[in-house]
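*Asks:* can you look at this prediction? I've put the sequence above it.
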Amino acid sequence: MIKKFDVLVIGAGPGGYISAIRASQLGFSVACCESKTYDDPDGEPRLGGTCLNAGCIPLKALVASSEAYERVNHQYAEHGITATDVTMDVGQMIKRKADVVTRMTSGIKLLFRKNRITLLKGHGSFVGRTDDGYQVRIGTPTGDEEVVARNVIIATGSKARHLPNIEVDNVTICDNEGGLKFETVPKKLCVIGAGVIGLELGSVWRRLGAEVTVLESMPTFLAASDESIAKEAGKLFPKQGINIVLGIRIDEVKKGRNGITVSYADAQGAGHKLECDRMIVSIGRIPNTDKLDLEAIGLKTDERGFIPVNAQCATAAPGVYAIGDVVRGPMLAHKAEDEGVMVAEEIAGQKPHIDYNCMPWVIYTSPEIAWVGKTEQQLKAEGRAYKAGKFPFIANGRALGLGNVDGFVKMLVDATTDEILGVHIIGSEASDLIAEAALAMEFHASAEDVARTCHPHPSLSEVLREAALATDGRALNM
Ligand code: FAD
Ligand code: NAI
């Protein structure tokens with residue numbers, strides 16, 4: 001007999017698994033299908049999508065290991081701690097990362113059981129529509145099963161974009177998947193694309209001793225971030241040993257017995273050759289609708305491959321929603337999760353809403369970069385009257401004690417109402433500090449609200465408060 005569900009979720013990434021849980025909390029019968037096995041020893045589909053298996057979580061585990069290695073080697077001496085003969089066991093680091101991933105993905109399986117979500121192990125594709133709902137085929141190597149659902153949430157995520165004619169083998173020429181599991185530290189690593197993955201993964205392998213060159217096609221560095229943050233990062237990263245070349249054009253990548261040769265033209269058009277033993281291609285990601293058969297229910301992707309949706313993530317097919325990386329907007333796990341919650345609540349007849357302007361961004365480099373809201377260049381382009389307040393970490397006691405003094409917090413506020421319009425941080429723990437700014441913006445707080453809120457001392461959060469005071473020329477410790 002054909003199984004019937006109120007809600008079927010296709011894809012168990014952060015968008016999919018969270019929407020399945022929320023739909024179940026709201027009383028629906030829910031199924032979620034997932035096909036990708038990643039490195040599962042039993043060949044079972046792994047839950048958690050890109051984020052847990054080949055993205056956020058494994059990358060941050062490597063960030064932590066490589067930062068620990070760098071601290072022991074370069075920062076502990078000033079504390080009076082000497083460590084000699086420090087070695088890095090890359091195999092152990094990769095094993096630890098795999099263990100973190102396994103704990104997280106197994107945790108989702110438990111959450112599915114707790115929430116009575118039916119896990120359908122296989123690839124979902126649309127077959128058509130009947131009076132009972134949408135028919136979806138769940139394809140497995142051993143045979144297909146068809147299920148029917150009144151509502152379908154498409155959460156099929158994204159995949160790495162590759163350079164034309166350059167084969168990614170995920171051993172020497174890698175995308176995110178291979179770049180997260182090198183078995184040894186590359187001697188010379190070439191990263192194509194100075195975006196989020198390039199900077200985070202490039203930093204990991206640089207800390208462990210690789211000579212890292214990042215080749216970026218855009219003439220400006222970190223164009224999406226506030227210019228002052230990009231400028232500061234552009235000073236700090238090369239000092240750490242990451243060589244960033246802007247405005248290049250890749251002409252050829254040749255894999256030989258002795259390594260990889262990258263031929264590129266610089267911003268002036270002059271030709272260069274770069275030799276390396278490993279390469280990471282991180283030039284963005286593309287939405288994944290492989291073998292989903294959208295046309296069976298009258299849907300098609302837009303010219304960039306995304307599934308068109310409205311502000312509530314509803315597609316043109318009634319009862320079919322699409323969320324996360326497969327639709328417009330930033331490709332971020334927390335964006336996918338929030339959209340997952342939103343559509344489940346919509347299916348339940350609620351009126352949820354997401355303010356995308358309050359969605360934080362983080363880049364897990366050292367120091368971290370984080371922002372929420374508008375950049376100064378965006379406010380200028382809008383002709384909005386604003387005030388800026390900036391406060392450096394070096395003037396904060398906690399930052400000095402930690403030995404993490406690089407960077408600053410910048411707050412941008414409306415010149416008349418004092419409402420916070422954007423907060424930009426480069427500094428230690430920016431990923432956690434930005435949450436206060438996002439909350440303040442969700443509540444349409446003013447800089448005065450933040451300035452009058454008692455912050456713990458000594459803490460890095462005091463820098464945010466000082467930046468709020470600085471918008472009115474009242475910083476206390478500067
Ligand atoms: P995905 O996580 O891609 O999940 C989609 C799932 O659907 C996959 O498991 C796929 O196998 C499955 N699927 C696809 N088609 C089908 C089908 N037809 N049938 C069944 N299953 C299917 N974001 C952050 O916010 N913070 C970070 O620190 C961060 N770090 C990242 C680091 C890296 C290296 C990468 C690559 C990405 C990172 N991201 C980060 C982005 C984040 O991983 C994505 O935005 C997020 O995973 C998107 O979630 P999703 O649910 O839309 O899709
Ligand atoms: P990205 O969009 O962040 O950066 C890609 C970079 O490659 C851009 O700077 C682009 O100009 C450059 N580029 C494009 N084509 C090129 C070419 N032919 N030659 C040289 N450079 C080229 O994409 P990335 O780093 O691949 O990451 C994909 C997505 O994953 C991000 O957009 C982000 O949404 C997500 N992610 C988020 C993280 C976080 O939140 N901390 C961490 C890692 C990824």
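*Replies:* Great, that's in hand. Numbers count the residues shown, from 1 in each chain. Ligands and ions are numbered 1, 2, ... in the order given.

*Asks:* average model confidence for stretch 113-133?
*Replies:* Average pLDDT, stretch 113-133: 97.

*Asks:* next, the buried residues of that stretch.
*Replies:* Under the neighbour-count criterion of 16 or more other Cβ atoms under 10 Å, stretch 113-133 has Ile117, Thr118, Leu119, Leu120, Gly122, His123, Gly124, Ser125, Phe126, Val127, Arg129, Gly133 buried. Placement of C-beta: from N, CA and C, glycine included.

*Asks:* surely the fourth one is in contact with Val30?
*Replies:* No: taking Cβ atoms under 8 Å as the definition, Leu120 is not a contact partner of Val30, at 10.7 Å.

*Asks:* can you name the residues that contact Leu236?
*Replies:* With contact set as Cβ atoms under 8 Å, 6 or more residues apart in numbering, Leu236 has these partners: Pro367, Asp406, Gly407, Ile426.

*Asks:* the second one: what's it in contact with?
*Replies:* By Cβ under 8 Å, 6+ apart, Asp406 lies in contact with Glu232, Leu236, Pro367, Phe393, Ile394, Ile426, Gly427, Ser428.

*Asks:* over to it. Which of the three states is it?
*Replies:* coil (DSSP: H, G, I helix; E, B strand; the rest coil).

*Asks:* how close does it get to ligand 1?
*Replies:* Asp406 sits 20 Å away from ligand 1, going by Cβ to the nearest ligand atom, to the nearest Å.

*Asks:* mind checking how far that residue is from Cys454?
*Replies:* Asp406 is 27 Å from Cys454, where distance means Cβ to Cβ, to the nearest Å.

*Asks:* strands of the stretch 301-450 of the chain, start to end?
*Replies:* 320-322, 361-363, 368-373, 386-392, 408-414, 420-427 (DSSP state E, counting those that start in this stretch).

*Asks:* which residues touch the residue of the stretch 251-400 of the chain found nearest ligand 1?
*Replies:* Going by Cβ to the nearest ligand atom, ligand 1 is nearest to Gly324 of the stretch 251-400 of the chain, at 2.1 Å. For Gly324, the contacting residues are Gly11, Gly13, Pro14, Gly15, Gly16, Ala155, Gly157, Met331, Lys335, Ala336, Glu339, Gly340, by Cβ under 8 Å, 6+ apart.

*Asks:* now do the SS call for the fourth one.
*Replies:* Right, Gly15. Classification of Gly15 by three-state DSSP places it in helix.

*Asks:* give me the secondary structure label for the closest residue to Ile347 other than its chain neighbours.
*Replies:* Once flanking residues are discounted, Ile347 sits nearest to Asn151: 5.1 Å by Cβ to Cβ, 6 or more residues apart in numbering. Assigned with three-state DSSP, Asn151 falls in the strand class.

*Asks:* next: Asp39.
*Replies:* Applying three-state DSSP: Asp39 is coil.

*Asks:* my read is that it contacts Ala98, right?
*Replies:* Yes: between Asp39 and Ala98 there is a contact at 6.9 Å, judged by Cβ under 8 Å.

*Asks:* before we move on, the earlier item: of the contacts of Leu236, which is the most crowded?
*Replies:* Ile426 (27 neighbours; other Cβ atoms under 10 Å).

*Asks:* and the nearest residue to it once chain neighbours are set aside, what does it touch?
*Replies:* Nearest non-adjacent residue to Ile426, counting by Cβ to Cβ, 6+ apart: Gly407, 3.9 Å away. Counting by Cβ under 8 Å, 6+ apart, Gly407 makes contact with Glu232, Leu236, Pro367, Pro392, Phe393, Ile425, Ile426, Gly427, Ser428, Ala430.

*Asks:* residues contacting the third one?
*Replies:* Shown in contact with Pro367 (Cβ under 8 Å, 6+ apart): Leu236, Asn404, Asp406, Gly407, Ile426, Gly427, Ser428, Ala430.

*Asks:* look up phi and psi at it.
*Replies:* Dihedral angles phi and psi of Pro367 (degrees, to the nearest 10) take the values phi -70, psi 170.

*Asks:* also the second one?
*Replies:* As for Leu236, its main-chain torsions (degrees, to the nearest 10) stand at phi -70, psi -40.

*Asks:* report pLDDT for it.
*Replies:* 96.

*Asks:* measure it to Pro352 for me?
*Replies:* 39 Å.

*Asks:* so Glu200 touches Tyr364, yeah?
*Replies:* Yes: judged on Cβ under 8 Å, Glu200 makes contact with Tyr364 at a distance of 5.1 Å.

*Asks:* if we can go back for a sec, need the strands of the stretch 301-450 of the chain in CSV (columns: distance to ligand 1 and mean pLDDT).
*Replies:* Below are the strands of the stretch 301-450 of the chain laid out as CSV (distance: least, Cβ to the nearest ligand atom, whole Å; pLDDT from 0 to 100):
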stretch, distance to ligand 1, mean pLDDT
strand 320-322, 9, 98
strand 361-363, 6, 98
strand 368-373, 10, 98
strand 386-392, 25, 98
strand 408-414, 20, 98
strand 420-427, 15, 98
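
*Asks:* ligand 2: which of those strands is closest?
*Replies:* Across those, ligand 2 has its closest neighbour in strand 361-363 (5.0 Å, Cβ to the nearest ligand atom).

*Asks:* now do the closest one: which elements does it pack against?
*Replies:* Judged by 3 or more Cβ pairs under 8 Å, 6 or more residues apart in numbering; DSSP states H and E, strand 361-363 is in contact with helix 196-207, strand 368-373, helix 430-442.

*Asks:* export these to TSV and tack on mean neighbour count?
*Replies:* Output for these, formatted as TSV (neighbours: other Cβ atoms under 10 Å):
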stretch	mean neighbour count
helix 196-207	25
strand 368-373	24
helix 430-442	20
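
*Asks:* turn the ones you listed into JSON lines, columns for distance to Val253.
*Replies:* Shown next, in JSON lines, are the helices and strands packed on strand 361-363 (distance: least, Cβ to Cβ, whole Å):
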{"stretch": "helix 196-207", "distance to Val253": "15"}
{"stretch": "strand 368-373", "distance to Val253": "29"}
{"stretch": "helix 430-442", "distance to Val253": "33"}
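
*Asks:* reformat these as JSON lines; add distance to ligand 2.
*Replies:* JSON lines is the format used below for those (distance: least, Cβ to the nearest ligand atom, whole Å):
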{"stretch": "helix 196-207", "distance to ligand 2": "3"}
{"stretch": "strand 368-373", "distance to ligand 2": "9"}
{"stretch": "helix 430-442", "distance to ligand 2": "8"}
